[in-house]
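Peer 1: model the following, please.
(2 chains)
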Amino acid sequence: MALHRLHTPLDEPTVRGLRAGDQVTIDGIIFGMRDKTQIEIFDHGKRPPVDLTGYPVLHTAPSLRRVGDVWEKVIIGTTTSTRMDRFAPRLFEQYGVRAIIGKAGLYQESLDAMGRLGACYLAIVGGAAALETTQVDAVEAVYWPHLHPEAIYQLRVSNFGPLIVAMDAHGRSLYEDVRNLAQDRLPDIYRQCGINT
Amino acid sequence: MTAHIDYGLIEQVAADLYVRALKEMPPDVLDGLRRAREKESNPTARTILDTILKNIETSRDRKMILCQDTGLPVYLLNVGERFPFDGYRLKQALADGAKRATLSHPFRGSSTHPLTRENPQTSVGQGLPVIHWDFVPDADYLDILMVPKGSGSENMSGLRMFTPADGIAAVKKFVIDQVVQSGGNPCPPGIVGVGIGGTFDSVGVLAKKAICRPLGSRNADPQFAALEEELEKAINASGIGPMGLGGDTTTLGVHIEWSYTHITQNPVAVNYQCWAARRARARIWPDGRVEHGV
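Peer 2: Alright, predicted model coming up:
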């Protein structure tokens, strides 16, 4: 298990250098978006008004306060990624995104795309929004503000994390490992509880 | 006849409880997380538990909301038999309080129309807040327990109508499988609330009441207390771990609430509560005194 301090944008060799189980913190720009944003991009065919190449995407719907032209943070947390699994491969392929930051992971097709394109999934600690908010220095821009709280948020972060490399560009997913481990253990667990299967 | 309680006071307490629940971690849950951290052998799980504890500290020091999912408001009432009130006005006061908290703090409202997905940004709407009523003898106070229920965990809940022939084994398997299949989605390690018995509608309420019990409490009936311990051990043996990334701690505790059921049925419900097992309580006396607790 290695520790990495990453600066965005990320390039392919950097991402391929990350292994499942490693821990990461991020400095620089990341982009927040979620369900409705990606429905707009992929189902309604609207191109994001900002270049995402090399940047991580954070699955979030932040609480912000608008003061004149400035967006101030209230609370910024991370949501469940599994709901947005179908968008991930195209985020990597069409828009050059190098990492998705979220909770609970993505599925096999997304994992395959990470291997093919040099991308990864970084797990944040779900629910730890107070801490996460203190690691966001500024909401630098909000694109598609009519979609708020599901717009595109350009966030400047420092020491953002800890994030766990949960799915890497080498075909390994910690979620899959853990699911397999649980499946191996279940027969014994059932037996001890007197459950016949 | 005592004059009715002041409904403006009820509204204020309902609002205060919502905000307080979002910011103050119940001490029993904090202790549970600390104990889990001490026992945990998996390095990734230890990092996650440390981060959770750091988040609780940050929230406390900066008076920030713990998690961005401010949930749907659930109020559980225990009404003393001599508490002077009008049920309809009390219900309105709770809804007004939840709405006021959302707008005045302000925080994200998550209540949404199920077909149009329109979100009024108030945390309330048709059928919300959820209110569960119960009544206690020989008391003149009103106890309000407020639980902001986040969706990551609520979405991983489930209900099954088993039959007597399925036996207790089916009940146990359903609970274990529900938690294992949920993986990291519900933000483990949290509280697994189990309802057993009753009817289709009431078993879900039992499971909800189970997640609202303080961590470390055991069902008063030794048979159910033993089942709680057995399921806790089984779930933690699965290795799912904090945030589904592996480890010794998948649940902080299994709580069961039960009721009698029909001779032909055995309903079971699992209501999942995330590690941010937020709740706040207040006792209101007829003279307007308010005591706050968890």
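Peer 1: looking at chain A, which helix is longest?
Peer 2: Ranked by residue count and defined by DSSP state H, the top helix of chain A is helix A:174-192.
Peer 1: can I get that one in PDB, CA atoms only?
Peer 2: The C-alpha trace of helix A:174-192 is given here as PDB (Å, rounded to 0.1, in the frame of the first residue of the first chain):
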ATOM      1  CA  LEU A 174     -11.500  -3.900  -4.000                       C
ATOM      2  CA  TYR A 175     -15.300  -4.100  -4.000                       C
ATOM      3  CA  GLU A 176     -15.100  -7.200  -6.200                       C
ATOM      4  CA  ASP A 177     -12.500  -8.700  -3.800                       C
ATOM      5  CA  VAL A 178     -14.600  -8.000  -0.800                       C
ATOM      6  CA  ARG A 179     -17.800  -9.400  -2.500                       C
ATOM      7  CA  ASN A 180     -15.800 -12.600  -3.300                       C
ATOM      8  CA  LEU A 181     -14.500 -12.800   0.200                       C
ATOM      9  CA  ALA A 182     -18.000 -12.500   1.700                       C
ATOM     10  CA  GLN A 183     -19.300 -15.200  -0.800                       C
ATOM     11  CA  ASP A 184     -16.500 -17.500   0.400                       C
ATOM     12  CA  ARG A 185     -17.300 -16.900   4.000                       C
ATOM     13  CA  LEU A 186     -21.100 -17.100   3.800                       C
ATOM     14  CA  PRO A 187     -21.500 -20.900   3.900                       C
ATOM     15  CA  ASP A 188     -19.600 -21.000   7.200                       C
ATOM     16  CA  ILE A 189     -21.700 -18.100   8.500                       C
ATOM     17  CA  TYR A 190     -24.900 -19.800   7.500                       C
ATOM     18  CA  ARG A 191     -23.800 -23.000   9.200                       C
ATOM     19  CA  GLN A 192     -23.100 -21.300  12.500                       C
END
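Peer 1: what does that helix contact?
Peer 2: For helix A:174-192, the surrounding residues in contact (CB atoms under 8 Å, 6 or more residues apart in numbering or on different chains) are A:20-21, A:104-105, A:108, A:111, A:123, A:164, A:166-167, A:196-197, B:44, B:173, B:176, B:180, B:183-184, B:234, B:237-241, B:244-246. The C-beta positions use only the backbone N, C-alpha and C, and glycine is treated the same way.
Peer 1: and these, which of them are in strands?
Peer 2: Secondary structure from DSSP state E places A:123, A:164, A:166-167 of the contacts of helix A:174-192 in strands.
Peer 1: between those residues, which is nearest A:Q38?
Peer 2: Closest to A:Q38 out of these is A:M167 (18.0 Å), distances taken as CB to CB.
Peer 1: tell me what that closest one is bridged to.
Peer 2: Note on A:M167: beta-bridge partners A:Y121, A:S173, judged by DSSP bridges.
Peer 1: just to revisit the earlier point, by neighbour count, which of the ones in strands among the contacts of helix A:174-192 wins?
Peer 2: The member of the ones in strands among the contacts of helix A:174-192 surrounded by the most neighbours (other CB atoms under 10 Å in any protein chain shown) is A:A166, with 32 neighbours in all.
Peer 1: you'd agree it is up against B:G183?
Peer 2: No - using CB atoms under 8 Å, A:A166 makes no contact with B:G183, being 11.3 Å away.
Peer 1: hey, what's in contact with both of the two?
Peer 2: By CB under 8 Å, 6+ apart, A:A166 and B:G183 have these common neighbours: A:105, A:175.
Peer 1: any idea which element the residue of chain A found nearest chain B lies in?
Peer 2: Residue nearest to chain B within chain A (CB to the nearest CB): A:G77, separated by 3.0 Å. If you go by DSSP states H and E, A:G77 is not part of any helix or strand.
Peer 1: gap between the two ends of stretch B:240-257?
Peer 2: This stretch, stretch B:240-257, spans 25 Å end to end (CA to CA, to the nearest Å).
Peer 1: for it, the averaged confidence score.
Peer 2: Across stretch B:240-257, the average pLDDT comes to 98.
Peer 1: buried ones in it, by neighbour count?
Peer 2: Using 16 or more other CB atoms under 10 Å in any protein chain shown as the test for burial, stretch B:240-257 gives B:240-257.
Peer 1: with stretch B:122-135 instead?
Peer 2: B:122-125, B:128-129, B:131.
Peer 1: which residues touch the residue of chain A closest to chain B?
Peer 2: The contact partners of A:G77, by CB under 8 Å, 6+ apart, come to A:60, A:62, A:126-129, A:132-133, B:67-69.
Peer 1: and the worst-scoring helix or strand of chain A on mean pLDDT, how far out from the chain middle?
Peer 2: None of the helices or strands of chain A scores lower by mean pLDDT, DSSP states H and E than strand A:63-67, at a mean of 88. Between the centre of strand A:63-67 and the centre of its chain there are 23 Å (CA atoms, centre = their mean, to the nearest Å).
Peer 1: how about stretch A:85-98?
Peer 2: Here the centre of stretch A:85-98 is set off from its chain's centre by 11 Å, with CA atoms, centre = their mean.
Peer 1: count of residues packed around residue 24?
Peer 2: Assuming you mean chain A. 22.
Peer 1: sorry, should have said chain B
Peer 2: Neighbour count of B:E24, defined by other CB under 10 Å: 19.
Peer 1: what's the answer for B:F224, then?
Peer 2: Neighbour count of B:F224, defined by other CB under 10 Å: 17.
Peer 1: ok, A:S158 next?
Peer 2: For A:S158, using other CB under 10 Å, the count is 12.
Peer 1: shouldn't it be within a strand?
Peer 2: Yes - with DSSP: H, G, I helix; E, B strand; the rest coil as the criterion, A:S158 is part of a strand.
Peer 1: relative to A:L18, how far out is it?
Peer 2: 19 Å (CB to CB, to the nearest Å).
Peer 1: ok, now A:G77?
Peer 2: In terms of CB to CB, A:G77 sits 23 Å off from A:L18.
Peer 1: check B:G150 too.
Peer 2: For B:G150, the distance to A:L18 equals 30 Å [CB to CB].
Peer 1: neighbour count winner among those two?
Peer 2: Taking other CB under 10 Å, B:G150 and A:L18 do not tie; B:G150 has more neighbours (27 against 22).
Peer 1: and A:V142, its phi and psi?
Peer 2: As for A:V142, its main-chain torsions (degrees, to the nearest 10) stand at phi -120, psi 110.
Peer 1: what residues are up against it?
Peer 2: Here A:V142 is in contact with A:64, A:71, A:148, A:151-154 (CB under 8 Å, 6+ apart).
Peer 1: closest one of the buried residues of stretch B:122-135 to chain A?
Peer 2: Checking those one by one against chain A (CB to the nearest CB), the nearest turns out to be B:S123, at 12.7 Å.
Peer 1: where does that closest one land in three-state SS?
Peer 2: Secondary structure state of B:S123, per three-state DSSP, is coil.
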